[in-house]
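> using only what follows, build the 3D model:
(one chain, ligands or ions: 1)
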Amino acid sequence: MPQVQTVQGAIDAQELGLVLVHEHVRFRDEAVAAQWPGRYDERLELDAALLAVGAAKERGVQTIVDPTAMFGGRDVHFMKRVADDTGVRIIACTGIYSYDYLPHYFENRDIDVMAEHFVADIEGGIQASGIRAAFLKCAADAAGVTEHVEKIHRAVARASVQTGAPIMAHSMPAVATGPRQVEIFEEEGVDLSRVQIAHCGDTDDLSYIEGLLAKGVYVGLDRYGLEMYLPIDKRNATAAELLRRGHAERLMISQDFCATIDWFPPEAAEVFEGEGSIRNWSMTLVFDEVVPALRELGVMDDATFQTIFVENPKRWLTA
Ligand SMILES: [Zn+2]
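Numbers count the residues shown, from 1 in each chain. Predicted structure coming up:
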């Protein structure tokens, strides 16, 4: 039986159960948080994480994959606290979440050295905690696949080839980053059946999504609730058509919910939470609204539900 690393240690893949494949128990800038810790309320952050994960648990969720990497404030101790308190397993990653910026530290070291850092998190453990990363994370966004973004992708790819760890890549369909991201992984010899291109659900362009699926990668329909990128009805219509076309075994459904996120000051909360920007964004929206809607459309029977929320995450993590 293949094993999967969680923040509480290795488990049999069979134990993963019902998985939310892309959620964040906390998202914040680690440099700001390290320099001005007084600006953050750890108690409030923990309470919000426990509330969100607890609600997911009530819907049957047993495992959460949390792709918070460098620059998202990855904190495996915080994750473990949430896992211990809720009884929901959390799976951590290694990698760098940057749309372009790269510290001089990595700018002046080569790809293989960057890859060594990731491998150490996977094989040895993160920040001397003994907690091991189970997958790799990288990102491309509005700036496209810049030189720095490409460097991170190649390092992630090499760490995947070396360790067998799967990859999750944040993408931006609006500027079509996905095909280039997949191309880099392919050039580096990554097994594309272990790659997940996140945020494909931000578009309803089926030919774009099917172009990626044709390469054998998983695609994430994983931002349910983020209406500013695509409203839920259009996300559901896209998901339904992909299911009708037989892609169930390559779809990941999640919310990319952040129990707390420091990107906006409290007084600007309406920017983020204003009319039309998010709707019922939470760690339970896919169970409360999406699955029922897809069942209504006749594309989500029990077997399909099992494929998407149990089998696909397990296969991606262990195949
Ligand atoms: Zn995310």
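
> pull the contacting residues for Tyr218.
Tyr218 makes contacts with Val195, Gln196, Ile197, Arg250, Leu251, Met252, Asn312, Trp316, as judged by CB atoms under 8 Å, 6 or more residues apart in numbering. C-beta coordinates here come from the backbone N, C-alpha and C atoms, glycine included.

> try 7 Å
Val195, Gln196, Arg250, Met252, Asn312, Trp316 (CB atoms under 7 Å, 6 or more residues apart in numbering).

> that one bridge partners, please.
Going by DSSP bridges, Tyr218 is paired in beta bridges with Gln196.

> now do stretch 5-23: everything it contacts.
By CB under 7 Å, 6+ apart, stretch 5-23 touches 1-4, 56, 60-67, 76, 79-80, 83, 89-92, 131-132, 134, 198, 220, 222, 252, 254-257, 283, 309-310, 313-314, 317-318.

> what is the mean pLDDT for the helix or strand harbouring Glu241?
Using DSSP states H and E, Glu241 sits within helix 232-244. Helix 232-244 shows a mean pLDDT of 97.

> contacts for that helix, please.
Contacts of helix 232-244 (CB under 7 Å, 6+ apart): 201, 204, 206, 209, 221, 224, 251, 279, 289-290, 293-294, 297, 299, 304.

> same question for stretch 137-145.
67, 69, 93, 95-100, 149, 152-153, 156, 168-172, 175, 177, 180-181.

> residues of that stretch that come out buried?
Lys137, Cys138, Ala139, Ala140, Asp141, Val145 (16 or more other CB atoms under 10 Å).

> now, which of those residues lie within strands?
Per DSSP state E, strands hold the following members of these: Lys137, Cys138, Ala139.

> how about the first one: what's its closest non-neighbour residue?
Of all residues beyond its chain neighbours, the one nearest Lys137 is Gly95 (3.5 Å), with distances taken as CB to CB, 6 or more residues apart in numbering.

> quick check: mean pLDDT across the helix or strand encompassing the one you found?
If you go by DSSP H and E, Gly95 is part of strand 93-95. In this model, strand 93-95 has an average pLDDT of 98.

> and it, which strands flank it?
By DSSP bridges, strand 93-95 pairs with strand 135-139 (parallel).

> export the strand it pairs with to PDB, keeping only CA atoms.
Below are the C-alpha coordinates for strand 135-139, written out as PDB (Å, rounded to 0.1, in the frame of the first residue of the first chain):
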ATOM      1  CA  PHE A 135       3.900  17.400  -3.300                       C
ATOM      2  CA  LEU A 136       5.500  20.300  -5.200                       C
ATOM      3  CA  LYS A 137       3.900  23.700  -5.900                       C
ATOM      4  CA  CYS A 138       4.700  26.500  -8.400                       C
ATOM      5  CA  ALA A 139       2.700  29.300 -10.000                       C
END
